[in-house]
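Next come a sequence and a model predicted from it.
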Amino acid sequence: MNENTSLDTDLTGSERLNKDTKGDGGDGDGRHKLVILVGSVREGRFGPVVGSWVAEQALRHGGFDVEVVDLAEIDVPLSLPAAPPKDAGDAYPRPAGMAALTSALDSADAFVIVTPEYNHSYPASLKAAIDWHFTQWTAKPVAFVSYGGAAGGRHAVLHLENVLTELHAVTIRDGLAFPDYFTTWRDGRPLAPDAPAYAGKLLERLAWWTAALRTARAAAPYPA
């Protein structure tokens, strides 16, 4: 495992985790809202394990309220309406089963996307979840934790960076990638002893961008 990588952790469901945080510019109690998005919906997936570990690291960091959203629990159709969400705004006709996802994305100040690598890219479920939304991503920071075979999911992250940049999100250079996760994790944790330190560095930089961008959004609307 090295810097510029992504994490994977199995979660058995979406869970809300709260903790007092450090830093300025968040809610009245100083917290920023971090959504950890588990992107794989494949049977037997490892993503919830990684998501759970990332959530644990985020709580340890102390800069965020944390919500884990598992796309396997969300209705995310691949067929979209004719009008793009950027143009339709709040009137965009999303299915009722997507309401929890939309609400989480709306309220988030920052994101960590947990993704595997399928055929040198990321899952269709994740692309669909991204494409059903637009303003929810705009002017917010996104970090990545990936897992896979020899590449550790890095090809998936490269593709996601291009997509999210198009939506005016701010992607974080530093990520976590876990190559050969099937042999480098045990009991829900990576075996690499430096993994928590790398996660802490990712979260510290994500927290900086979160505070800066939230302050900017509050000072002036993002240009259309």
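Thanks, I have the structure now. Residues are numbered from 1 along each chain as shown.

Relative to residue 92, how far out is the residue of the chain most remote from its centre?
Seen from the C-alpha centroid of the chain, the residue lying at the greatest distance (CA atoms, centre = their mean) is residue 82, 26.5 Å away. Shown here: residue 82 relative to residue 92, a distance of 11 Å by CB to CB, to the nearest Å. Bear in mind the C-beta positions are built from the backbone N, C-alpha and C, glycine included.

all strands of this protein, in order?
2-3, 15-17, 32-38, 64-70, 110-116, 141-148, 170-171, 176-179, 185-186, 189-190 (DSSP state E).

And the pLDDT for the residue farthest from the centre of the chain?
For residue 82, the model assigns a pLDDT of 92.

residues contacting it?
The contact partners of residue 82, by CB atoms under 8 Å, 6 or more residues apart in numbering, come to none.

Output the lowest mean pLDDT helix or strand found in this structure.
Every helix and strand in the chain was compared by mean pLDDT, DSSP states H and E; the lowest is strand 15-17, with a mean of 39.

where does this protein have low pLDDT?
The chain contains residues with pLDDT under 70 at 1-29.

now do 90
When residues are selected by pLDDT under 90, those of the chain lie in 1-31, 83, 86-91, 174, 224.

which stretches of it form helices?
47-61, 85-88, 99-107, 124-131, 154-166, 181-184, 195-219 (DSSP state H).

okay if I get these as CSV plus mean neighbour count?
CSV is the format used below for the helices of the chain (neighbours: other CB atoms under 10 Å):
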stretch, mean neighbour count
helix 47-61, 24
helix 85-88, 14
helix 99-107, 17
helix 124-131, 19
helix 154-166, 18
helix 181-184, 14
helix 195-219, 18
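
right, and those helices - which one's nearest residue 76?
Closest approach to residue 76 among these is made by helix 124-131 (4.8 Å; CB to CB).

Could I get the CA-only coordinates of the closest one as CSV?
Only the C-alpha atoms of helix 124-131 are listed here, as CSV (Å, rounded to 0.1, in the frame of the first residue of the first chain):
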residue,chain,number,x,y,z
ALA,A,124,-21.7,0.9,-13.4
SER,A,125,-23.6,1.4,-10.2
LEU,A,126,-21.3,4.2,-9.2
LYS,A,127,-21.5,5.9,-12.6
ALA,A,128,-25.3,5.8,-12.4
ALA,A,129,-25.3,7.3,-8.9
ILE,A,130,-23.1,10.1,-10.1
ASP,A,131,-25.1,10.8,-13.3
